[in-house]
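Trainee: requesting a structural model of the entry that follows:
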Amino acid sequence: MPRHIHACVAAVLLVLAAGTAGAQEVRRHRGFETGLDVYSSERTGEVAFYAGGFEGNSMLAIRFSGRDETDSIPCSVGAMYEFVGFRHAATRVKPMAGASFNRIFSCASDSDVIARPSPSLQSAATVSGGVRVPIFTGGGIGGSLKLAGYVERARGHVSSADTTSKGFVVGVVFHGR
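Mentor: Numbers count the residues shown, from 1 in each chain. Take a look at the predicted model:
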């Protein structure tokens, strides 16, 4: 083929690609999100509070939690990511998937005689999946109920203390609109 035909084909493809890219521009919603989740499994429980922001369907937050264990008063702090499908659509059930990575430490003070000085676990990684159901919408804020299952892998000070837990999560989420 002659060179001018290659140049014409390339120019047409470039114009089509630019038009397609312009058509894909979508207003990305941004806002805040905060929530309270209760984790329950056969082995342990946890109450977690998180606060962060979202853009589009993705949310990134800082997460604080208190764990239910008998030997100590363990707490954790970490990062949390959550993807909510159809976040801004009018659907009644929105699929979600999330992950969090946490460092576990003792919340006990020196005056607490019952608590041990350090928890048996060092860190935990959690993966969850489920649904969110919108429960109210106000002027600039909305609320959802979160129902999900989760799997957590917790690392101890020695490998024999590592644990895996499976359970369910119930949570309440408040988000900007």
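Trainee: rest of the way, CA atoms for contacts and neighbours
Mentor: OK.
Trainee: check contacts around the nearest residue to Ile62 once chain neighbours are set aside.
Mentor: Once flanking residues are discounted, Ile62 sits nearest to Ala79: 4.8 Å by C-alpha to C-alpha, 6 or more residues apart in numbering. Listed by C-alpha atoms under 8 Å, 6 or more residues apart in numbering, the contact partners of Ala79 are 60-63, 100-102.
Trainee: run the chain-centre distance for stretch 62-70.
Mentor: For stretch 62-70, the separation from the chain centroid amounts to 16 Å (computed by C-alpha atoms, centre = their mean, to the nearest Å).
Trainee: list the buried ones in that stretch?
Mentor: Using 16 or more other C-alpha atoms under 10 Å as the test for burial, stretch 62-70 gives 62-68.
Trainee: send the alpha carbons of that stretch over as PDB?
Mentor: Only the C-alpha atoms of stretch 62-70 are listed here, as PDB (Å, rounded to 0.1, in the frame of the first residue of the first chain):
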ATOM      1  CA  ILE A  62      -8.400   4.500  57.900                       C
ATOM      2  CA  ARG A  63      -9.800   1.800  60.100                       C
ATOM      3  CA  PHE A  64      -9.800   1.400  63.900                       C
ATOM      4  CA  SER A  65     -11.100  -1.700  65.700                       C
ATOM      5  CA  GLY A  66     -11.400  -3.500  69.000                       C
ATOM      6  CA  ARG A  67     -11.200  -7.300  69.000                       C
ATOM      7  CA  ASP A  68     -12.900  -9.800  71.200                       C
ATOM      8  CA  GLU A  69     -10.300 -12.000  72.900                       C
ATOM      9  CA  THR A  70     -10.000 -13.300  76.400                       C
END
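Trainee: who touches the helix or strand where Gly167 lies?
Mentor: In the assignment (DSSP states H and E), Gly167 maps to strand 163-176. Residues outside strand 163-176 that contact it (C-alpha under 8 Å, 6+ apart): 31-44, 140-156.
Trainee: give me the buried entries from those.
Mentor: Buried among the contacts of strand 163-176 (16+ other C-alpha under 10 Å): 32-41, 142-156.
Trainee: which of those residues fall within strands?
Mentor: Residues of the buried ones among the contacts of strand 163-176 located in strands (DSSP state E): 32-41, 142-156.
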